[in-house]
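Trainee: using only what follows, build the 3D model:
(one chain, ligands or ions: 1)
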Amino acid sequence: MRAPALTALAAALAVAGAPAADGAVRDVDLGGVAEGAPSDAWTHAFLPSTVRVRAGDSVRITPYGDGVAFVPGAGAVPPPLVLDASGAPVVDPVVATRTASGAPVVAGRALSAGLPGDEEPEPWAVRFPRTGTFIVRDALHPGVRLTVRVVGRRTRVPGAAELRAARRRALAGALRRQRALTRRKPVAGRVLAGPQDGPAALERFVPSRTTLRAGQTLVLEVPAGASSRHTFTFGPTLSGLEDRANGLLTGARYDPTLALPSAPGDPLVHTAAAQRELLGTGLLGVPGRARSVRMRFDEPGTFRFLCVVHPGSMRGTVTVTP
Ligand SMILES: [Cu+2]
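Mentor: Down below sits the predicted model:
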């Protein structure tokens, strides 16, 4: 959440740095889903992912969800998460701080739409005064990038209608992949968080219900090259966990007790007592962390878990029989 004073300042700067009157403004979406997509579908992409504009034009990026549009300074691309001295993942402050909408791209200076707060994220524009090829990234979702080709003022560039059509095509392509993902079969002994195919992803566990015998071990994993961060977190009640997890990203810092593994060891050992406390994998696949962990279930019962990054949609159940 941003302080009100800062928000007012940002608004004032946004007006001061509004796109130049002589430049066109071209719209690009960050994320979004097509109508008819599975309810937990997500698209990790700029739509479209390439745009051609003239020098002096602006690209206005509308985020749908928790993406953060980010223009790296020359040679400096901070990872979405860095580990602080205690080993807890922290969002880089350069990423966390919103710069004025409409600001020009200047060599060596990073521009960021800032972290999403409690309110609906607002569109954020970047002006491209000079010709060349520029990359805008989603700072929170690795691999998600927008290529902006800035050409001379006499070169033809796509108009707003062409861009709209390109957005629709990109969404339709993602929808096909999202539907195919819903048909993907679970792998025995494993639970996958957030299946993904290219830009198409589902915010769910596959399978969402698993049954095994006491003493058996599950592999809990995220896909290779996943754009999203996920955890497997067991706790006494899902609503209590969800309360703790909500707003995980509204500060510049993850709650380390949720973001880090709650216990050492491989495998993590699940017991009824551990479930009453908190048993979590922490964020899987962040730099320096594995993308899978093993968890052994020692006591019979039915145990629910969720992902602290997506607590509303990503929930699952493990049933342990004697
Ligand atoms: Cu998740």
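Trainee: drop to CA atoms for contacts and neighbour counts, all remaining ones
Mentor: Will do.
Trainee: would you agree Leu306 is in contact with Pro236?
Mentor: No: using C-alpha atoms under 8 Å, Leu306 is not in contact with Pro236; the gap is 11.4 Å.
Trainee: more crowded one of those two?
Mentor: Neighbours were counted for Leu306 and for Pro236 using other C-alpha atoms under 10 Å; Leu306 has more, 29 against 18.
Trainee: spit out the contact partners of the more buried one.
Mentor: Contacts of Leu306 were listed using C-alpha atoms under 8 Å, 6 or more residues apart in numbering, and they are Thr231, Phe232, Thr233, Phe234, Leu238, Met314, Arg315, Gly316.
Trainee: repeat that for 10 Å
Mentor: Taking C-alpha atoms under 10 Å, 6 or more residues apart in numbering as the criterion, Leu306 is in contact with 193, 204-205, 208, 230-235, 238-239, 241-242, 245, 280, 312-317.
Trainee: check Leu202 too.
Mentor: By C-alpha under 10 Å, 6+ apart, the residues touching Leu202 are 38-43, 177-179, 181-182, 193-196, 313-314.
Trainee: and if we set it to 7 Å?
Mentor: Asp40, Ala41, Trp42, Gln178, Gly194, Pro195, Gln196 (C-alpha atoms under 7 Å, 6 or more residues apart in numbering).
Trainee: what number of residues lie near the fifth one?
Mentor: Spelled out, that is Gly194. Residues near Gly194, counting by other C-alpha under 10 Å, number 29.
Trainee: per-residue pLDDT, it?
Mentor: Model confidence at Gly194, given as pLDDT, is 97.
Trainee: distance of it from Ser227?
Mentor: 9 Å (C-alpha to C-alpha, to the nearest Å).
Trainee: check the first one too.
Mentor: Applying C-alpha to C-alpha, one obtains 15 Å for the distance of Asp40 from Ser227.
Trainee: these two: who's more crowded?
Mentor: The neighbour comparison of Asp40 against Ser227 (other C-alpha under 10 Å) goes to Ser227, with 24 against 15.
Trainee: quick check: closest non-adjacent residue to that one.
Mentor: His141 (4.7 Å; C-alpha to C-alpha, 6 or more residues apart in numbering).
Trainee: outline the domain layout of the chain.
Mentor: If you go by automatic domain parsing, the domain ranges for the chain are 4-175, 184-321.
Trainee: mean pLDDT lowest for which of the ones you listed?
Mentor: It's domain 4-175: among the domains of the chain, that one has the lowest mean pLDDT, namely a mean of 83.
Trainee: so that one, near the ion or not?
Mentor: No: Domain 4-175 stays clear of the ion (C-alpha under 5 Å from the ion), getting no nearer than 10.8 Å.
Trainee: next one: that domain to chain centre, how far?
Mentor: Here the centre of domain 4-175 is set off from its chain's centre by 14 Å, with C-alpha atoms, centre = their mean, to the nearest Å.
Trainee: just the buried ones from the contacts of Leu306, in ChimeraX syntax?
Mentor: Burial among the contacts of Leu306 is assessed by 16 or more other C-alpha atoms under 10 Å; the matching ChimeraX selection reads:
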select :193,204,205,208,230,231,232,233,234,235,238,241,242,245,280,312,314,315,316,317
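Trainee: ok, which of the contacts of Leu306 also contact the ion?
Mentor: His230.
Trainee: in strands, which of the contacts of Leu306 fall?
Mentor: Ala193, Phe205, Thr233, Phe234, Gly280, Arg315, Gly316, Thr317 (DSSP state E).
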